[in-house]
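**Q** sequence unknown, structure follows:
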Ligand SMILES: [Zn+2]
């Protein structure tokens, strides 16, 4: 079979948070960690790299060249933010790509948020806040991943006679443009800005609102066959609505409106559980809120992903959506959607 020539969205993993919860009633089946592939002209633009992404890319085999070459079509990685459930298997992707076949026509670009301290008006951590101390953006994150696995990488380089892994990726810190209002009062209104552009795809970004996780990004991909927007993790975001105006497909995160009960069991909950649930709900978009966002953006298709908790049965998600008359797709691992239909 030949490589795909059109534009296709492939949901690689659809779990938000821990990706090890079995889907209720489905035995040992669990959703893979959050990751999506936009395939444009046979090349993969990966959005997030959650648990299992390398395995899922191999299963998806978008290049149709067999599993040994399943990673060769990778063109770029776009990280929406640096939470571990979005980045956990990036290093595995680097390792597997290095060993079993990485694109030969130049480095894989890895775009993602710049360091928090580069944002205007972000207050430094207070004295009571425990911090690891490092303030890494994507460039620092990728560099340290390679450093952390130096023993392995050095041996692979020696064995394969290939270039050092650091030369096979190009990491980029994505930050809002100069002049963006400061974030001292929360995420400000921003115009989408250009991140990357090539012959067949134009990528823009915006700031979304994911609580203390700063910066958190949403991405829009415009292609000749249509446009796809990825919300990343966010509470209902006016910036995201602006980014997604008129898009064909909006891939939006969602959390069960009854998250607390799904996560912790029937009420009453302990005080700690109630506070923890409220904190989580405040930085995500509930299943009964997401329809209004899709409607405000005027998108054709709403795809629900980053399902939290990942154990909630699929039928719940569709039934929970309110206020959107377009097509609703409940994300499933390895589900593919052709653009330009
Ligand atoms: Zn997150």
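**A** Yes, it's here. Keep in mind that this is a model prediction, so the values were computed, not measured.
**Q** whichever residue of the stretch 101-250 of the chain sits closest to the ion in helix, strand or coil?
**A** In the stretch 101-250 of the chain, the residue that lies nearest the ion is residue 233 (3.5 Å; C-beta to the ion). To be clear about C-beta, it is placed using only N, CA and C from the backbone, and glycine gets the same treatment. On the three-state scheme (DSSP: H, G, I helix; E, B strand; the rest coil), residue 233 is labelled coil.
**Q** list the residues that contact it.
**A** Going by C-beta atoms under 8 Å, 6 or more residues apart in numbering, residue 233 touches 16, 80-81, 83, 86, 208, 210, 213, 216, 253, 283-284, 306.
**Q** sitting in strands, which of those do you find?
**A** Counting by DSSP state E, the contacts of residue 233 place 208, 216, 253, 306 in strands.
**Q** for this protein, what lies in contact range of the ion?
**A** Proximity of the chain to the ion is confined to 83, 233 under the rule C-beta under 5 Å from the ion.
**Q** so where's the chain uncertain?
**A** Scanning the chain for pLDDT under 70 picks out 1-5, 23-28, 125-126, 341.
**Q** please, where are all the helices along it?
**A** 53-60, 84-87, 90-100, 138-148, 150-160, 238-243, 259-264, 271-282, 290-297, 314-320 (DSSP state H).
**Q** closest one to residue 71 among those?
**A** helix 90-100 (4.5 Å; C-beta to C-beta).
**Q** in TSV: the ones in strands among the contacts of residue 233, plus neighbour count.
**A** As requested, the ones in strands among the contacts of residue 233 are exported to TSV (neighbours: other C-beta atoms under 10 Å):
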residue	neighbour count
208	29
216	26
253	26
306	33
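**Q** still on that earlier bit, could I get the contacts of residue 233 as a markdown table with distance to residue 155?
**A** What follows is the contacts of residue 233, written out as a markdown table (distance: C-beta to C-beta, whole Å):
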| residue | distance to residue 155 |
| --- | --- |
| 16 | 35 |
| 80 | 32 |
| 81 | 32 |
| 83 | 30 |
| 86 | 29 |
| 208 | 40 |
| 210 | 38 |
| 213 | 35 |
| 216 | 36 |
| 253 | 38 |
| 283 | 41 |
| 284 | 41 |
| 306 | 36 |
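**Q** quick test: name the residue nearest the centre of this protein.
**A** For the chain, the residue nearest the mean C-alpha position is residue 48 (3.4 Å; C-alpha atoms, centre = their mean).
**Q** wait, that residue sits on residue 37?
**A** No - applying C-beta atoms under 8 Å, one finds residue 48 not in contact with residue 37, separated by 10.1 Å.
**Q** show me which residues of stretch 64-75 are buried.
**A** 65, 70-75 (16 or more other C-beta atoms under 10 Å).
**Q** nice, that's everything, thank you.
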